[in-house]
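Engineer: Next input, structure requested:
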Amino acid sequence: MSKVDVVIGCFYGDEGKGKVIDYLAGDADIAVRATGGDNAGHTIEVNGVKYAMRLIPSGILSGHTIGVIGNGVVMNPAVLLKEIENLKEHGYDIDNHLKISDKTHVILPYHRLLDRALEKARKASKIGTTGRGIGPAYCDKYERAGLRVEDLYADHFKSRLEELVESRKALVKFYDPEDTTVDEELDFEKIYQTYSEYAEQLKPFVCDTVTYLHKALEADKKVIVEGAQATLLDIDFGSYPFVTSSNPTIGGIITGTGLSASDIGNVYGIIKAYSSRVGEGPFVTELLDATGDRIRELGHEYGTVSGRPRRCGWLDLVTLKYAKRLNGLTGISVNHLDTIGKFDKIKVCVAYDCNGVQTEDFSTNLKFLENSKPVYKEFDGNFGDLSGCKTFEDLPENAKAYINFIEEYIKTPVKFIGTGAGREAMIVR
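Structural biologist: A predicted model of the protein is given here:
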């Protein structure tokens, strides 16, 4: 019986998880997405074509890997169908390589309107949501008022949808009484017709993915799980309330797929050789200066889904240690080594100084994070051109020292090193 390899972001997302997933999918039978919605995205380039995968597991791009959308995902059918269409146009046999959990929750138009209205009502306290309805969809899930994929085919679908549309319409008007588009955008008959059509188009892909995955493991198939977003955006373990609405950590991988703890094999934590964040919230190593701007431009740091410029700063090993503890990391991937190597001097955060007290232990307490200043260790940069480096031994000494220090601090091996943007620009150890 095989074990499942998991890929998890360690910081605030956008770490380059897709690159490691792409490598692991080379001989994987199944790739699974466990959490989040189309607010997350992996970008992978295949044969000169860039694919921004928002819902379908990016492992499917191998051409032989079956993609599974797990029960922990909240799914916007319109976005999913566009992804399916795009992949088909590029020659992918999606009809035989995609499965959707019958327990996956569905995003409806009122979720997006609620997202927008709630963010507007927060005023100065906004959390930086992408406005795609992810949070309200998870709220409905935990309020036991959500619609799952299987409900699209149930006898009660029409009556249940009408009840939800009317109740959510009232909520949107309550939170944003100035919105004059609500009645038009939440027209029940139009929504029912549209989602009935979605249901028909998606029906061939829907199945009991829990049973499917366990039978695959019993048949010794290779399964990988693609984490969406990252550890510090976790609803429980991130910098609350500046977090997402699900659990992108290892616990969410289990509950979002139906796999058990004993099914998990390697857990790979993905980081960049520096740090970045999109949206609001604390960020201890953020650089609000020319250095931060230069990291952003060199690393092309703009969100896959949102297009927003990312906030940038030096690598934070205090955070990485926290991510290791939470997720049980067995290996680390360091991306953008070539980017950070363009600096003469590189800094790495090895501790926090909170009101004169140094600690290497992370906390999500906002007051602690606001009062913490990074304690840095400095390294020599100028790594030069890394494009010809195929092994760790090929790297220049300064680059090796940087990687070795990360391993020593975290006490976890660096298994993957990203040396460029292409899918082949990665050292595997």
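Engineer: All the helices of the stretch 101-250 of the chain, residue numbers only.
Structural biologist: In the stretch 101-250 of the chain, the segments counted as helices under DSSP state H, counting those that start in this stretch are 109-122, 134-142, 157-175, 182-185, 188-202, 209-218, 250-255.
Engineer: Figure out how far the helix or strand containing residue 312 is from the centre of its chain.
Structural biologist: Using DSSP states H and E, residue 312 falls within strand 311-313. Averaging C-alpha positions (CA atoms, centre = their mean, to the nearest Å) puts strand 311-313 18 Å from its chain's average.
Engineer: low-confidence ranges in this protein?
Structural biologist: Along the chain, the model assigns pLDDT under 70 to residues 41-42, 303-306.
Engineer: Contacts only, for the nearest residue to residue 421 once chain neighbours are set aside.
Structural biologist: Nearest in space to residue 421, with sequence neighbours left out and distances taken as CB to CB, 6 or more residues apart in numbering, is residue 45 at 7.4 Å. C-beta coordinates here come from the backbone N, C-alpha and C atoms, glycine included. With contacts defined as CB atoms under 8 Å, 6 or more residues apart in numbering, the neighbours of residue 45 are 51, 421-423.
Engineer: Now, of these, which are buried?
Structural biologist: Neighbour counting by 16 or more other CB atoms under 10 Å classes 51, 421, 423 among the contacts of residue 45 as buried.
Engineer: The first one belongs to a helix?
Structural biologist: What that stands for is residue 51. No - under DSSP: H, G, I helix; E, B strand; the rest coil, residue 51 sits outside any helix and is assigned strand.
Engineer: In terms of distance to residue 2, which of the buried ones among the contacts of residue 45 ranks first?
Structural biologist: Relative to residue 2, the closest of those is residue 423; by CB to CB it sits at 24.5 Å.
Engineer: Tell me the secondary structure at that closest one.
Structural biologist: Going by three-state DSSP: residue 423 is coil.
Engineer: ok, now residue 32?
Structural biologist: Secondary structure state of residue 32, per three-state DSSP, is strand.
Engineer: before we move on, what about residue 343?
Structural biologist: Classification of residue 343 by three-state DSSP places it in coil.
Engineer: And the closest residue to it other than its chain neighbours, how close does it get to residue 387?
Structural biologist: Here the nearest residue to residue 343 in space, its sequence neighbours aside, is residue 381; by CB to CB, 6+ apart that works out to 4.3 Å. Summarising the geometry, the distance separating residue 381 from residue 387, computed by CB to CB, to the nearest Å, is 17 Å.
Engineer: In terms of neighbours, single out the busier of the two.
Structural biologist: The residue with more neighbours, out of residue 381 and residue 387, is residue 381; 17 against 12, by other CB atoms under 10 Å.
Engineer: per-domain residue ranges of the chain.
Structural biologist: The record's domain split for the chain, according to automatic domain parsing, is 4-102+207-267, 105-201, 269-428.
Engineer: just those domains: most buried one?
Structural biologist: The highest mean neighbour count among those belongs to domain 4-102+207-267 (a mean of 21), with neighbours defined as mean count of other CB atoms under 10 Å.
Engineer: what's the first-to-last distance across that one?
Structural biologist: One end of domain 4-102+207-267 to the other measures 9 Å (CA to CA, to the nearest Å).
Engineer: now it, how far from the centre of its chain.
Structural biologist: Worked out by CA atoms, centre = their mean, domain 4-102+207-267 lies 9 Å from the chain centre.
Engineer: Repeat that for stretch 324-343.
Structural biologist: Remark: stretch 324-343 is offset 16 Å from the chain centroid, using CA atoms, centre = their mean.
Engineer: From one end of it to the other, what's the distance?
Structural biologist: Start and end residues of stretch 324-343 are separated by 27 Å (CA to CA).
Engineer: Just give me the neighbour total for the residue lying closest to residue 75 once chain neighbours are set aside.
Structural biologist: With CB to CB, 6+ apart as the criterion, residue 75 has its nearest non-adjacent residue at 5.1 Å, and that residue is residue 104. Around residue 104 there are 24 other residues, counting by other CB under 10 Å.
Engineer: Would you confirm that residue 104 contacts residue 74?
Structural biologist: Yes - in this structure, residue 104 sits in contact with residue 74. The criterion is CB atoms under 8 Å, and the distance is 7.4 Å.
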